[in-house]
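**Q** My questions concern the predicted model and sequence given below.
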Amino acid sequence: MPDRYDPRTVEARWRQVWRERAEAARGVPEADGRGSGDRLPRPGRRKHYALTMFPYPSGDLHIGHWYAMVPADVHARYHRMRGADVIFPIGFDAFGLPAENAAIKRGIHPHRWTMANIERMRDQLRTMGAAFDWDREIVTCDPEYYRWNQWLFLRFFEKGLAYKKFAPVDFCPNCNTTVAREQVVGPDRLCERCDTPVVRRDLDQWFLRITAYAEELLHMDGLDWPERVLTMQRNWIGRSEGVEFSFTVRERPECRFDVFTTRIDTIYGVSFCVLAPEHPLVDRITAPAHRHAVAAYKEQAARRSEIDRLAAERERTGVFTGAHAVHPLTGEPVPVWIGDYVLLTYGTGAIMAVPAHDERDFEFARRYGLPVPVVIQSPDAAPGAAAAAAYTGAGIMIRSGPYTGLASEEGRRRLTEDMEARGIGRRQVNYRLRDWLISRQRYWGTPIPIIHCPRCGAVPVSDAELPVRLPEDAQFLPTGESPLKFHAGFRNVPCPRCGAPAARETDTMDTFVDSAWYQYRYLSPHCAVAAFDPVAAAAWLPVDQYTGGVEHATMHLLYTRFFTKAMRDIGLTPLDEPMPRLFNQGVILGENSEKMSKSRGNVVNPDDIVARHGADAVRVYLMFIGPWDAGGPWNPQGIEGAVRFLQRVWRLAATAPWNTPVMPEAAAETERVRRLLHRAVASVTTDLERFGFNTAIATLMGLVNDLYAYLAAGGGGAVAHEAIRSLILLLAPFAPHLAEECWQLLGGAGAVHDQPWPEYDPALIASDAVTIVVQVNGRLRTRIEVAASLPEDAVQAAALRSPRVQEALGGARPERVIVVPGRLVNIVVRH
RNA sequence: GCCGGGGUGGCGGAACGGCAGACGCGCUCGACUCAAAAUCGAGUGUCGCAAGACGUGCGGGUUCGAAUCCCGCCCCCGGCACCA
């Protein structure tokens, strides 16, 4: 027996064993093509579907992947030892721009580039020692995967949930494609992928109607998700309730425009209206004298969305159209302006402006000398004072006709009801959420299965023709244009309906479509007759525990919820939510507590560290750094602690003297050790339930320290054996290789990961002697040892008797004594 | 500006309203060794010889007792931000 554990040889050996066992256990594919094989949960077993967000095959597995996947693996392994039938699939999010960029730059076909990367990452993932179900692997660029993206798209299309629309969209000039609203980040409107500012373009694009589910997506009661993700989704959807009503144009009574407001209580304070510059009515209502100015402003506004982005101080500008709108309640005319602070894409593209009670309108009115009538009395402003700033809070309505004197909330209710009753307004709910733009002008994605016929319009490809495959012989040129556009064989096809020459759609789908339903495909990855086998789906779904980064809060996590709801309404699943439980891990930082990046030179390469210390040490250290959701800096010396800990465990298993009897001097310690063990089992178990990996490892370290002390004091025998055996089982999810090795050293039968999780005896956790903290006026003075069963008054008496307490009291009479059973006595005196 | 999450030794971090600093890193000392590494043991919040005092971003409060609860501030991280 060597005197040191050598992870390099041992880990590789066990990985080989696991691989052989997995091969042997692999089921024979079923002849009917359902493809779920024999992998359904066994009768009588609890099922557990663990899912970690699949990686993009960039070609290198970095420490962030380890940080995301290792604790997910530990949790899944723990459930397996608790007797659940666990699936823990893995795959690759294999479509996307880097592959295509490599093709343009280096002439490697995206498919070859991607597959070579996957090849390499599979090996790296294997060194992690995670219990992934490799026979469920999915690769989204495989036509057998993306044909089901197309199939689902066609179902969405039939339901009116997928449609093509000519609209202003966000375009990334670096990625040379349009992107979805969710993929535009921050006030500078940067592309989520490459940080380039996006520009606005008017294009004909495919959308998925996620807004049809805006209301339902706000129902999050059943979701055990981090609060911040729920908040981000809520903000993103941006529901607001108000009233929609219309104004008639005085000069052109046939022209009316709608406005939306959440503050109908301020309607008597309207002093002008503003239309978005692109509003369709603008040209018709503009008076001849103002045509020139209006045209110039429209021109400037159109350009402004593309240039001059860094002028973050947005000034509210506009021009007068010369037209007036008739106030629906007072009949007074108010001027109609256009201004680019009003967005065509939200609400009705027009607003009633109430400068006294809206900051933007106030600034606009100031700039152009428009009146600012106050109609809400602020509780702390002098009545009748001119407004120095917009007051946007609640108050008493003034100068508001029959509503004068009402509280603004009450006025809001009454006005809504009255306007609805009179047929001049209606309750309206607006959402900030926009439909999901899925068109991408790139090659390396799922072709959208539509053919454009000059006569029949957009005609779906029939299911039997799926998949619409990407042509392999595309030309990758640095022109910024999609290769599909110029591929005659791909593009020129007859119309499926009338046979006339037609053009295939050349846009491909956003890669977020791939991951919007991948959790279904994992259940029957080889299913050739459907997107997934409903029997397998019924048995395994929903996902019991989903884990991944928070960066997907308003993208993937919103899209996948939408997909499940849409799939439910199509009749594909009974589920309302695909992932009821979500946990977000934190980010692992460089040694200097900064984000890891090549330019900062603080990148930690897991391959190097694994080569030096072994995968188990990396696993244990990553989980020990701190709470999983907090992330934290990588400390290169910190891993030494994990290495030492694992060596100490191995030495216990390899050399502990449990054949020898307990020395008499250690006999008294034996009961204590047994108690420590049972406490450790309890503590590690609850920690694993709540993702407390760092404290679970701390507990295991403490147990190892206790065992060393016990053995050094002459302990051994059955208790030592039980303790070491349980220790190995508790450690098995964290350090799977070492645990297998130690299990074998202990003579355990079978695989350590097939063993049941250790049980603990609650009676042993509550010890019979307890240490009571004694305080005087809340300050610690002494501790006393008493029997746990000692009644309260006896504990109190014992505390009062103690010399240190007597000294601290200095003869004073205790005024009050608080006894917390089993914990503490606090004696209160007045001096 | 609004919404989340944080602020505890030299460092990463522990702590159902009840012993602040578990566990680890680092450091100090000791054992083993010709020596070193490895390993094992002891110590390690600050001030103090000690008794003790002081300590969880700052200021208040509730409580017998507050890192933990409440109020007001400061700072850091993340998200949203012309959404009418």
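**A** Ah, there it is. Numbers count the residues shown, from 1 in each chain, chains lettered A, B, ... in the order given.
**Q** What is the three-state secondary structure of A:Ile827?
**A** strand (DSSP: H, G, I helix; E, B strand; the rest coil).
**Q** An error on my part: the question was meant for A:Ile138.
**A** Note that with three-state DSSP, the state of A:Ile138 is strand.
**Q** Over to A:Asp60?
**A** coil.
**Q** OK, contacts around it?
**A** Going by CB atoms under 8 Å, 6 or more residues apart in numbering, A:Asp60 touches A:120-121, A:124. Just so you know, the C-beta spots here come from the backbone N, C-alpha and C atoms, and that holds for glycine as well.
**Q** same check, this time on A:Gly632
**A** Contacts of A:Gly632 (CB under 8 Å, 6+ apart): A:586, A:588-589, A:625-626.
**Q** Let me have the residues you listed in TSV, extended by neighbour count, secondary structure and distance to RNA strand B.
**A** Formatted as TSV, those follow (neighbours: other CB atoms under 10 Å; DSSP: H, G, I helix; E, B strand; the rest coil; distance: CB to the nearest atom of the strand, whole Å):
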residue	neighbour count	secondary structure	distance to RNA strand B
A:Gly586	17	coil	9
A:Ile588	21	strand	10
A:Leu589	19	strand	9
A:Ile625	22	coil	4
A:Gly626	14	coil	3
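**Q** of these, closest to A:Arg675?
**A** Closest approach to A:Arg675 among those (CB to CB): A:Gly626, at 28.5 Å.
**Q** Who are the contact partners of that closest one?
**A** Contacts for A:Gly626 were tallied using CB under 8 Å, 6+ apart; they are A:632, A:694.
**Q** Touching, A:Phe157 and A:Pro460? I think so.
**A** Yes: checked against CB atoms under 8 Å, the pair A:Phe157 and A:Pro460 is within contact range at 5.7 Å.
**Q** hey, what's in contact with both of these two?
**A** Common neighbours of A:Phe157 and A:Pro460 (CB under 8 Å, 6+ apart) are A:Ile450.
**Q** the helices in the stretch 301-450 of chain A, which residues?
**A** Under the criterion DSSP state H, counting those that start in this stretch, helices of the stretch 301-450 of chain A are mapped to A:359-368, A:408-421.
**Q** Serialize the ones you listed to TSV and add fields for distance to A:Cys453 and mean neighbour count.
**A** Output for those, formatted as TSV (distance: least, CB to CB, whole Å; neighbours: other CB atoms under 10 Å):
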stretch	distance to A:Cys453	mean neighbour count
helix A:359-368	47	19
helix A:408-421	45	17
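**Q** a markdown table for the ones you listed, including mean pLDDT and distance to A:Glu472?
**A** A markdown table is the format used below for the helices of the stretch 301-450 of chain A (pLDDT from 0 to 100; distance: least, CB to CB, whole Å):
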| stretch | mean pLDDT | distance to A:Glu472 |
| --- | --- | --- |
| helix A:359-368 | 91 | 54 |
| helix A:408-421 | 94 | 60 |
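**Q** quick one, which of those helices is nearest to RNA strand B?
**A** Of all the helices of the stretch 301-450 of chain A, it is helix A:359-368 that lies closest to RNA strand B, at 4.9 Å by CB to the nearest atom of the strand.
**Q** Relative to the whole chain's centre, how far out is that closest one?
**A** Offset of helix A:359-368 from its chain centre (CA atoms, centre = their mean, to the nearest Å): 39 Å.
**Q** Tell me who's in contact with the residue in chain A that RNA strand B sits nearest to.
**A** Residue nearest to RNA strand B within chain A (CB to the nearest atom of the strand): A:Gly641, separated by 2.5 Å. A:Gly641 makes contacts with A:621, A:624, as judged by CB under 8 Å, 6+ apart.
**Q** Now A:Phe272: phi and psi?
**A** phi -170, psi 170 (degrees, to the nearest 10).
**Q** Give the bridge partners for it, please.
**A** Beta bridges link A:Phe272 to A:Ala353, judged by DSSP bridges.
**Q** count of neighbours near it?
**A** 24 (other CB atoms under 10 Å).
**Q** just A:Ser439 next, same as before
**A** 24.
**Q** what's near enough to touch it?
**A** Counted by CB under 8 Å, 6+ apart, A:Ser439 has contacts A:178, A:203, A:205-206, A:448, A:507-510.
**Q** quick one: contacts for the residue lying closest to A:Ala735 once chain neighbours are set aside?
**A** Counting by CB to CB, 6 or more residues apart in numbering, A:Asp616 is the residue found nearest to A:Ala735 once chain neighbours are left out, at 3.8 Å. Listed by CB under 8 Å, 6+ apart, the contact partners of A:Asp616 are A:7, A:11, A:129, A:646, A:734-738.
**Q** quick revisit: helix/strand/coil for the residue of chain A closest to RNA strand B?
**A** Note that with three-state DSSP, the state of A:Gly641 is helix.
**Q** what's the spacing between it and A:Gln647?
**A** 11 Å (CB to CB, to the nearest Å).
**Q** low pLDDT regions in the stretch 251-400 of chain A?
**A** Residue ranges of the stretch 251-400 of chain A with pLDDT under 70: A:304-314, A:380-386.
**Q** which intervals of chain A have sub-threshold pLDDT?
**A** A:1, A:27-38, A:304-314, A:380-386, A:657-666, A:767-769, A:830-831.
**Q** wait, isn't A:Asp361 in contact with A:Ala390?
**A** Yes: assessed by CB under 8 Å, A:Asp361 is found in contact with A:Ala390 at 7.1 Å.
**Q** The stretch 201-350 of chain A against RNA strand B: which residues are in contact?
**A** By CB under 7 Å from any atom of the strand, the residues of the stretch 201-350 of chain A that approach RNA strand B are A:227-228, A:231-232, A:235-236, A:238, A:240, A:242, A:260-263, A:276, A:314, A:316, A:340-343, A:346-349.
**Q** Give me the subset of these lying in strands.
**A** Using DSSP state E, the subset of these located in strands is A:240, A:242, A:260-261.
**Q** tell me the contacts of A:Phe207?
**A** Neighbouring residues of A:Phe207 by CB under 8 Å, 6+ apart: A:162-165, A:435-438.
**Q** Check those and tell me the two furthest apart.
**A** A:Lys164 and A:Trp436 (13.1 Å).
**Q** Between those two, which has more neighbouring residues?
**A** Set A:Lys164 next to A:Trp436 and count neighbours by other CB under 10 Å: A:Trp436 wins out with 25 against 18.
**Q** which residues does the more buried one form a beta bridge with?
**A** A:Leu208.
**Q** Is it in contact with A:Val179, as I believe?
**A** No: at 10.8 Å, A:Trp436 does not count as touching A:Val179 under the criterion of CB under 8 Å.
**Q** what does the stretch 1-150 of chain A put close to RNA strand B?
**A** A:Arg4.
**Q** and the closest residue to A:Gly59 other than its chain neighbours, how far is that from A:Arg193?
**A** Leaving out its chain neighbours, the residue that sits closest to A:Gly59 by CB to CB, 6+ apart is A:Asn117, at 3.9 Å. Note on A:Asn117: its distance to A:Arg193, by CB to CB, is 17 Å.
**Q** of the two, who's got more company?
**A** A:Asn117 (21 against 17).
**Q** contacting residues for the more buried one?
**A** Per CB under 8 Å, 6+ apart, neighbours of A:Asn117: A:57-59.
**Q** about what we covered before: now, which of the contacts of A:Asp616 sits nearest A:Ala799?
**A** If you rank the contacts of A:Asp616 by distance to A:Ala799 using CB to CB, A:Phe734 comes first, at 41.6 Å.
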